[in-house]
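1. task: produce atomic coordinates for the following.
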Amino acid sequence: GSSCEKCDFESDLCKALPELNLQPGWIRRNGQSGMGPPYSDHSGNDSAYFLSLSSEMRSSSATLRTSIFLPTDEEHICQITFHYWISQTSGTLMVGLQKHSEGTITNIWQDSGDLQNQWKSNTITINSTEKYEV
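-> From the prediction side, this is the model:
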């Protein structure tokens, strides 16, 4: 069956992103927060919440880590679709995969915002024979 879970940050960080895994630098805000663009979410709603890097984080990096996902197989594939906004040319958004037996994080997708200051959407498919985090 489809066990899709939608995460819109309206009330919290959703099950996939535990509070403990929200590193300093990430804030939950909306377009009315007075913090600059984006002034709405990907659907144009200015009161809808999204996660944003605080301005103090301009020069460094901050990570969002999911909870642990179970292994994938023919029946259970994992697809993650997300909307993102990159406002400065120097910013890069990366998606990494960390398998349970490995200490290293493998970079599986990235975008450095050639078309900046607009919402973009992307879907990644993940295959892993063991438990993993994204």
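
2. who's the residue nearest to M35 when sequence neighbours are not counted bridged to?
-> Sequence neighbours aside, R29 is the residue nearest to M35 in space, at 6.1 Å (criterion: Cβ to Cβ, 6 or more residues apart in numbering). C-beta: built from backbone N, CA, C; applies to glycine. Per DSSP bridges, the residues bridged to R29 are F50.

3. let's number from 34 now, not from 1
-> New numbering, starting at 34: the last item is R62.

4. looks like R62 contacts S80 (just checking).
-> No - between R62 and S80 there is no contact under Cβ atoms under 8 Å: 10.8 Å.

5. domain assignment for this structure?
-> Taking the TED database as the reference, the chain has its domains at 42-95, 101-166.

6. coming back round to it: the more surrounded of R62 and S80?
-> Taking neighbours as other Cβ atoms under 10 Å, R62 and S80 compare with R62 leading, 16 against 10.

7. residues in contact with that one?
-> M68, Y82, F83, L84, S85 (Cβ atoms under 8 Å, 6 or more residues apart in numbering).

8. wait, which of those is closest to W142?
-> L84 (17.3 Å; Cβ to Cβ).

9. check the closest one and give its pLDDT.
-> We note a pLDDT of 89 for L84 in this prediction.

10. that one: how many residues sit nearby?
-> 16.

11. what's the spacing between it and Y117?
-> L84 sits 10 Å away from Y117, going by Cβ to Cβ, to the nearest Å.

12. low-confidence ranges, this protein, go.
-> Within the chain, the segments meeting pLDDT under 70 span 34-36, 52-56, 90-92, 121-123.
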